[in-house]
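Novice: Model the structure of this input:
(chains A, B, C, D and E, ligands or ions: 12)
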Amino acid sequence: MADLSVNLAGIKSPNPFWLASAPPTNSGYQVQRAFEAGWGGAVWKTLGDPVINVSSRFSASTFNGQKVAGFNNIELITDRPLEVNLEEIYETKKKFPNHAIVASLMVEPKQEKWHEIVKKVEAIGVDGLELNFGCPHGMAERGMGSASGQVPELVEKQTYWVKEVAETPVIVKLTPNITDVTATAYAAVQGGADSISLINTINSLMGVDIHSWNTIPHVSGKGTHGGYCGPAVKPIALNMVAECARHPEINIPISGIGGISNWQDAVEFMLMGSTNVQVCTAAMHHGFRIVEDMIDGLNNYLDEKGLARAMDLIGQTVSKYQNWGDLDLNYKVAARINPEKCINCNKCYISCEDTSHQCIDRLIDANGKSYLKVREDDCVGCNLCSIVCPVDGAIDMIEYPSEVAMTWNERQSLLGKMTIGEETVS
Amino acid sequence: MADLSVNLAGIKSPNPFWLASAPPTNSGYQVQRAFEAGWGGAVWKTLGDPVINVSSRFSASTFNGQKVAGFNNIELITDRPLEVNLEEIYETKKKFPNHAIVASLMVEPKQEKWHEIVKKVEAIGVDGLELNFGCPHGMAERGMGSASGQVPELVEKQTYWVKEVAETPVIVKLTPNITDVTATAYAAVQGGADSISLINTINSLMGVDIHSWNTIPHVSGKGTHGGYCGPAVKPIALNMVAECARHPEINIPISGIGGISNWQDAVEFMLMGSTNVQVCTAAMHHGFRIVEDMIDGLNNYLDEKGLARAMDLIGQTVSKYQNWGDLDLNYKVAARINPEKCINCNKCYISCEDTSHQCIDRLIDANGKSYLKVREDDCVGCNLCSIVCPVDGAIDMIEYPSEVAMTWNERQSLLGKMTIGEETVS
Amino acid sequence: MHEHQLFMKEKESIDDLVDQGYKIIGIKEDLSGAHVHFDYIDHDNRSVKTKVLHVLSADARKYFTTLLFAKEKRFN
Amino acid sequence: AVDLKRNFFEVKQDMKPKEAIDEANRCLYCYDAPCMNACPTGIDVPSFIKKMASGNLKGSARDILDANPVGATCSRVCPTSELCEGACVLNDVSMPIRIGDLQRHATNWAMDHDVDLFESGVPTNTKVAIVGGGPAGLSAARELRRLGHEVTIFEAKEKAGGLDTYGIVSFRLPQSVSLWEVEQVEKLGVDIRTNCTVGKDISPETLKNDFDAVLITVGMGQVPKLGIEGEDLTGVYDAIQFVENTKTKPLTEQFIGKRAIVIGAGNTAIDAATCLIRSGASHVKIIYRRTEEEMTAYPFEFEFAKQDGVEFRWLTQPTKIMGDENGHVKQLMCVQMELGQPDESGRRRPVPVQDSSFLMDVDIVVRAIGQSRHIDLIEAFGLNHDSGILQLNDKTYQTSNDQIFAAGDVVYGSTEYGDAMVVSAAEQGKRAAYAIDKKLSC
Amino acid sequence: AVDLKRNFFEVKQDMKPKEAIDEANRCLYCYDAPCMNACPTGIDVPSFIKKMASGNLKGSARDILDANPVGATCSRVCPTSELCEGACVLNDVSMPIRIGDLQRHATNWAMDHDVDLFESGVPTNTKVAIVGGGPAGLSAARELRRLGHEVTIFEAKEKAGGLDTYGIVSFRLPQSVSLWEVEQVEKLGVDIRTNCTVGKDISPETLKNDFDAVLITVGMGQVPKLGIEGEDLTGVYDAIQFVENTKTKPLTEQFIGKRAIVIGAGNTAIDAATCLIRSGASHVKIIYRRTEEEMTAYPFEFEFAKQDGVEFRWLTQPTKIMGDENGHVKQLMCVQMELGQPDESGRRRPVPVQDSSFLMDVDIVVRAIGQSRHIDLIEAFGLNHDSGILQLNDKTYQTSNDQIFAAGDVVYGSTEYGDAMVVSAAEQGKRAAYAIDKKLSC
Ligand SMILES: Cc1cc2nc3c(=O)[nH]c(=O)nc-3n(C[C@H](O)[C@H](O)[C@H](O)COP(=O)(O)OP(=O)(O)OC[C@H]3O[C@@H](n4cnc5c(N)ncnc54)[C@H](O)[C@@H]3O)c2cc1C
Ligand SMILES: Cc1cc2nc3c(=O)[nH]c(=O)nc-3n(C[C@H](O)[C@H](O)[C@H](O)COP(=O)(O)OP(=O)(O)OC[C@H]3O[C@@H](n4cnc5c(N)ncnc54)[C@H](O)[C@@H]3O)c2cc1C
Ligand SMILES: Cc1cc2nc3c(=O)[nH]c(=O)nc-3n(C[C@H](O)[C@H](O)[C@H](O)COP(=O)(O)O)c2cc1C
Ligand SMILES: Cc1cc2nc3c(=O)[nH]c(=O)nc-3n(C[C@H](O)[C@H](O)[C@H](O)COP(=O)(O)O)c2cc1C
Ligand code: SF4
Ligand code: SF4
Ligand code: SF4
Ligand code: SF4
Ligand code: SF4
Ligand code: SF4
Ligand code: SF4
Ligand code: SF4
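Specialist: Residues are numbered from 1 along each chain as shown, chains lettered A, B, ... in the order given. Ligands and ions are numbered 1, 2, ... in the order given. Below you'll find the predicted structure:
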């Protein structure tokens, strides 16, 4: 039984699983149910200037019959009165003193607005604040959410305003709808943030109904861009977390968000530098009880790995994440097909033949049985065949460690020294 | 039998299905196989300055056992000699004069470089050019790909250089790794582009191997950010296409790319303003033959809709895509559960109870059978229950059209006129 | 189609020159690949022969730089 | 009163929509798929399944029916575990895809939606006569029409469809399915002359004279006699005739509570036995002179019969049927057999055990020991044959008269190709059509 | 020689990894899931399946075994189509999830990986005696240990596990599975005293004196006599004893080629009949005095027996067993029955048809008409009972002596709760344990 508790910039929770600021944290009733179910913390649905939400709001993609591969919403921040929310936060904190409750905030980019809300919220007792600079729709038109989150100066300034009055740790939640997330992350650091959380949702349009030609979802026949989240965004989120984690000047803890559906995802985010994780879509799809497997699975994983604390995972893979130019060009892998496990679906063959390097041969053995064989010399080790192969273990990617490791950057600097002709040494 | 042919800025193809510039279009052998299989066009794997690729390169996500929900690569442009590529383009065009062959190009942002490659490529005969400003990795470190694609001025300038010498239509391929894609799209228009194509791949990290703690994929134990594509990115791509399509000043045809896996996806992109579509991941997963269902399905769909031409679909939904502030706040939908179809899995109940508005009641009917009922007054019409419901038709979202439609923008301007107190009218 | 064959051919040419005592003295890369300049230096340190190989395949372009790189590393 | 009718309703339900989609999404979409190669008609299984998954049901149905004009029937009657499903690669790592059920789902869609999937070809001014409107004939007719030939089918029975319409039990294959397939062929402009027996209502000579080519697809005949005493007693039936009655006449209650014995252990025997059970017989036994190992019924048929409550008696040979005073079957005399040396078919020959005769009380005896051949007709056409098995060039599908072609059960035994199955008949029909087209085009 | 052994290997293969994952991903993860509610032990089915899907097999196995200490056995022997799988919501729109198979896959993982899933509780200094180490006793013992009580099981047989170890046929439940479950209970510190019959080797009084509470989980006894002539002839067997022999002794060849009749149509009859087939008997009949409708075997058992080739004779009552000169069974005399008025159980009472006696030739007769009760022991404990059925408070699991509790088959008939199934015994064992804990804690 490993120690699952984590400490994010001073905010402690019994486990790393928090609910992200979203419909699941809309009310005290819900957050309390969530804590009962086992969630370690919750970021309350964003509080701020009063808004009105539209109907309908959500849509989701189905992948090969499996529901909610991705999720999309055109919802704004909370539309409930601030006082009601504060009262419920108070009640909830009283009942669950050891669980983390963080208030998510979004107001117009004015110093006094930020001061006002921070003071009100801290007055009723929260464990921390999360500044929502990330909502991709609706709020942006009012200069809030991602409209400020996409401008590093605004992120820095508003963070600074908050820090002027805040007594609890301040997490800055970043929007992924940006050319370079480390720019805003760094701005948050400069503004004095104690932590960053990412990602918020990604600009998206879930689909078009090919029968009615309406957008999905639609409000009275009209649609607008929404925010994308759920399993589909995980690789985008993980990359942004990694970019921040490896950035030498972004040295505050990270709360990882985006497509986390189970304990394995959580482990990945933690290895990539997250101190904890926040979850929205998975809870909306299945209810709060999914946290049970998250906790149990993480615990069993740590036990199996012989790790005593969940926090031992944090950042272990960060140093392995580098620039493309620092990868070893001489390292080679090549596919090898294991005829004992292969079921002869020929998917590897056709994917390599049509769309990679035409190096899988279909052969007949002495007994007239057909089998597949990779011409390893021609194989570039792209991985495609093993990706499409339906059978675990039927294709191994065999490593050929390089005798002399040489990266692109090393090669370029060498070439630079050797270049002749019109081209000058760079 | 509808007319499936399309004309993208003067580039004609027998159907709207093109292979995107990527491994499937790496060689003449492949492109010819693709045309035989039915593809209407192909954008050749990007040509440019010589590079070297790493091994391994690709990875993919599996969603609930279904392979390749998303796909990720750390590959660069072609590493084959330019002359060989040009020869194969020539051969292929000769064999398939009615299919579209477009050359994708990427060189350093220097006028003479662009002039040189454009002339070389057009000399052997192509139907058009696609400028790759989008590769998210590797090339960027050399000032190419997304490094220029993220800077509107560079996009405009380079497009202009190309147009100085180009005789065939020029498509500018946009990177999605940007705060506002319409800025670069507009820059392309300004530079004289005949068309834009989008999206290229999204910055991503597919995952971390929780056993070895290596990145996925890895090159000798190290990883780097890759480009994300495949079904998972479709909503992001569709949104970017929509944003460009509805932009009044981006009035050149669009080639839609990103997660298109079947004819339904293609129809959605076309309705949202794409003249044709480009496909990479779906072909890599299943081989070229998937185009057969794309063609057949599109044809059957058009027949069923009574449409004579595929081009009749283009842009039909664009005008329905608007700003959030222009949606009708008074429009309402509410969920209704159909007890005949409901199988009592209670997924809707728990999702609404835990993570939406607690308005589904579990009741017992006169015969002691349990059933579910939505309190429609409390229901905000979020759609969540119908999204998680596994049974088609078990939950209907009933429309309550508004008597008086009122948008947020209308409301705000009204409020503006009526506001009293310290706040001044904005 | 089989890039590997092209590589093997190019590698052989490079190896041949190296075996004969040629050394790479300069490289010029352009759209068509790499032009690798080899010099044969005799005992008197007078360059007697120069040869230029046009190296096309990615693996061969990688190969000759690796040779150089390995040597450089040995010296450092 | 007893409602026998429902006993004859199709046993298997159509897949539910979710079930079909989930199953379709399980298919790997193999390349050069083994399932496709194992289908005698070469249906592109991964392609039709992919289309179901993409919501293109019309394309899916078309893929199936393009390769197999009787694909709706085949989805119900193919021994799939021996064919497509048996070859599915998922057998090794999971469960095979339910190809037959998916095929049924797609073709049901086509039956429910009145869509035209095929068109007749550009007229060629050539006329082809087809003798026999079973699956082989229909399949050939459709392909010939698509190639532009004028086609007339001469069919002895009141309706076309052959054994699909008359021979395969309703609870596996409702007549409506077969008749829908007939209709599709008719819609392409094939002239089907029913109630017209060639050799009786119209002469072979007329066909040879009036048509550019003749295709013989008359299938096989009735069940041959056993050659033992008592075969003419009332209560003795021909299995095929017996099944046909259940498909064409109002169901009779005369079998209720009766004890029946079916002789033979092939597919026909299984069909007859299960029909008897469903007709209300209280005890139904299948007796067979060899053992379970040698029987020609498929394992899934054997299981089905056992579930229906049919009993099996191996190594039992009937020697005499005994009647009561009214000439009705009363007892069956049998002898116990044992397996001796292998015979020409490679199976061990059953030989009687000495002094092992025994009697069984029985009310109904059904002969199900194979089918006879249409020797008369073959000879009326003047074609070479080997005790009823047509002499055939298995490349060109030509008989000894090169204007006359043949396919389906009628050539069973004369080619290496295929079992006597609907799906093989369909494929042979297609191939014969292409052969005829080739011949008429040069 | 014949290799009977393989006939007794577990029939069903473990799910292949891909098969299991695909099936797990098909589960909807219902809330307040009907499958869970239909499981007598209340296994959180969606939870254990979700854990399989997430790769947390240990958690999955723990979920199962937490709710059901004999979950590995249950995954093999539960009538799932009547319980969890029968309740799965996917029955309506697709195919039900194969819960039993998934459960087997997860518990197989636990058997293959030597992990400790449970711990004994903080010692309470209370001692509980359990009489009978079947599923009810084991289940109670494990829960009591987790609650900190000291537990001793007294088991008459050489090994614990009860009918799981001795009574349920090997080809459904290999002994190793049951014994693994016994081992898990032992590992928690339960003292299992085998070869110790309470009432013989140790007295009820000793238990009452030495322990704070006694739990009686002795199950039921042997099969009662039929009460007809000839029951003592050689060749007449008790079904349970007969099955036990196949699980404990080297398989005998003495049944090869024999004709056998099993009397009764409950689960035991099915097991005996299929064991006979697998022991080489040439003809096995089950005879039952009522009809298919009234039999207590489950539909899937009925199907299984039919597949194995067992014949069923309804409305047949044995009246006399006749022997040959050596005192060996030779014939069975039976009388035909018909259904009359409903009896107290609500089922129509079978009454003999006049003059309908008939003889059947037979070599083996097996009695499978239920199980007798341990009246002697119950009386030795001085407990109230109603012809062997213990008088029980079905809330507190207390007998007429409130220090003495009971659960499992021994109380079958005395509560509303549950059939005589392993899974009910396990649940009752758990509940009795909590009741004992509650009693001892106050
Ligand atoms: C009881 C039974 C069950 C079967 N079950 C299956 C099964 O489950 N699966 C399977 O694949 N196969 C099954 N078969 C086999 C299958 O039915 C045949 O292989 C198939 O029907 C052969 O097709 P055909 O077109 O060659 O002949 P048929 O279907 O026999 O059609 C021949 C047609 O020719 C007509 N005809 C005959 N003589 C003349 C004439 N002189 N003039 C005009 N018309 C004439 C007949 O009336 C008939 O319509 C079964 C067969 C039987 C008997
Ligand atoms: C042939 C057969 C097949 C069955 N198949 C199934 C099936 O497929 N599925 C299913 O769910 N159920 C099945 N059952 C029923 C199931 O086995 C029982 O319901 C279950 O085993 C009851 O558990 P128990 O612990 O109450 O009793 P038992 O399993 O009978 O265990 C009682 C234990 O008490 C011991 N004992 C008895 N007297 C004494 C004593 N005086 N002192 C010490 N120990 C004593 C016995 O030796 C035995 O070990 C089957 C039963 C039989 C007979
Ligand atoms: C319906 C919905 C509403 C959301 N509202 C908010 C919000 O009010 N404030 C906020 O910071 N994030 C909001 N989010 C974003 C989530 O907190 C989270 O960042 C995002 O969903 C990614 O996580 P996931 O992939 O686990 O869902 C919302 C997300 C959804 C789906
Ligand atoms: C392995 C791989 C290599 C790619 N290489 C190129 C490239 O050289 N040039 C380019 O413009 N796009 C390249 N792309 C991007 C694709 O052309 C396409 O824009 C992207 O994959 C999205 O489409 P999809 O979702 O259909 O895959 C590449 C994509 C992949 C997967
Ligand atoms: S790794 Fe790539 S190149 Fe090598 S065999 Fe597989 S698909 Fe082909
Ligand atoms: S994809 Fe895998 S299973 Fe299929 S043929 Fe290739 S190696 Fe075999
Ligand atoms: S639409 Fe939303 S609020 Fe309404 S019942 Fe469904 S989940 Fe609840
Ligand atoms: S989710 Fe759908 S099927 Fe499930 S209970 Fe709700 S309405 Fe019924
Ligand atoms: S026709 Fe028969 S064999 Fe062919 S795919 Fe269909 S069911 Fe399988
Ligand atoms: S072999 Fe099986 S998995 Fe492969 S295409 Fe055929 S049905 Fe699908
Ligand atoms: S214990 Fe039995 S009833 Fe319960 S879930 Fe498992 S198999 Fe189903
Ligand atoms: S009822 Fe079926 S689908 Fe629902 S949780 Fe149980 S097994 Fe899964």
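
Novice: Give me the neighbour count for whatever residue of chain D ends up closest to ligand 5.
Specialist: When scored by Cβ to the nearest ligand atom, chain D has residue D:31 as its residue closest to ligand 5, at 13.1 Å. Every C-beta, even on glycine, is put in place using the N, C-alpha and C of the backbone. Using other Cβ atoms under 10 Å in any protein chain shown, residue D:31 has 22 neighbouring residues.

Novice: Any regions of chain D where pLDDT drops low?
Specialist: Flagging of chain D using pLDDT under 70 yields the residue ranges D:1-2, D:414-418.

Novice: One more: chain A?
Specialist: A:134-146, A:421-426.

Novice: how about a cut-off of 50?
Specialist: Counting by pLDDT under 50, chain A contains low-confidence ranges at A:423-426.

Novice: Please, where are all the helices along it?
Specialist: A:28-37, A:82-95, A:111-124, A:146-149, A:152-165, A:181-191, A:234-246, A:263-271, A:281-286, A:291-305, A:347-355, A:384-388, A:408-418 (DSSP state H).

Novice: Check which helices and strands the third one sits against.
Specialist: Put plainly, it is helix A:111-124. strand A:41-48, helix A:82-95, strand A:100-106, strand A:128-132, helix A:152-165 (3 or more Cβ pairs under 8 Å, 6 or more residues apart in numbering or on different chains; DSSP states H and E).

Novice: quick one: strands adjacent to the third one?
Specialist: I take that to be strand A:100-106. strand A:41-48 (parallel), strand A:128-132 (parallel) (DSSP bridges).

Novice: closest to residue E:25 out of those?
Specialist: strand A:41-48 (28.5 Å; Cβ to Cβ).

Novice: quick one: that closest one to chain centroid distance?
Specialist: The chain centre lies 18 Å from the centre of strand A:41-48; the measure is Cα atoms, centre = their mean, to the nearest Å.

Novice: surely the residue of chain D closest to ligand 5 meets residue A:346?
Specialist: Yes - under the criterion of Cβ atoms under 8 Å, residue D:31 makes contact with residue A:346 at 3.9 Å.

Novice: mind listing what the residue of chain D closest to ligand 5 touches?
Specialist: Contacts for residue D:31 (Cβ atoms under 8 Å, 6 or more residues apart in numbering or on different chains) come out as A:345-347, A:349-350, B:287, B:289, D:46.

Novice: Now narrow these to whatever sits close to ligand 11.
Specialist: Applying Cβ under 6 Å from any ligand atom, the subset of these adjacent to ligand 11 is empty.

Novice: now, which of the residues you listed sits nearest ligand 8?
Specialist: When the contacts of residue D:31 are compared against ligand 8 (criterion: Cβ to the nearest ligand atom), the nearest one is residue D:46, at 31.1 Å.

Novice: which residues touch the helix or strand containing the closest one?
Specialist: Here residue D:46, judged by DSSP states H and E, is contained in helix D:45-53. The contact list for helix D:45-53 (Cβ under 8 Å, 6+ apart) reads A:64-65, B:289-290, B:292-293, B:296-297, D:20-21, D:24-25, D:27-31, D:33, D:35-36, D:39, D:57, D:59-61, D:63-64, D:84, D:97, D:99, D:102-103, D:105-106.

Novice: Can you select the buried ones among those for me in PyMOL?
Specialist: The PyMOL selection below is limited to those of those classed as buried (16 or more other Cβ atoms under 10 Å in any protein chain shown):
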select buried, (chain A and resi 64+65) or (chain B and resi 289+290+292+293+296+297) or (chain D and resi 20+21+24+25+27+28+29+30+31+33+35+36+39+57+59+60+61+63+64+84+97+99+102+103+105+106)
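
Novice: quick one on the thing from earlier: what about the residue of chain D closest to ligand 5, which SS state?
Specialist: coil (DSSP: H, G, I helix; E, B strand; the rest coil).

Novice: Quick check: the gap between it and residue D:37.
Specialist: The gap separating residue D:31 from residue D:37 is 11 Å, by Cβ to Cβ, to the nearest Å.

Novice: ok, now how distant is residue D:338 from residue D:261?
Specialist: 20 Å.

Novice: Please tell me how far residue A:399 sits from ligand 3.
Specialist: Residue A:399 sits 34 Å away from ligand 3, taking Cβ to the nearest ligand atom, to the nearest Å as the criterion.

Novice: if you skip the residues just before and after it, what's nearest to that residue?
Specialist: Of all residues not flanking residue A:399 in the chain, residue A:333 sits nearest, at 5.4 Å (Cβ to Cβ, 6 or more residues apart in numbering or on different chains).
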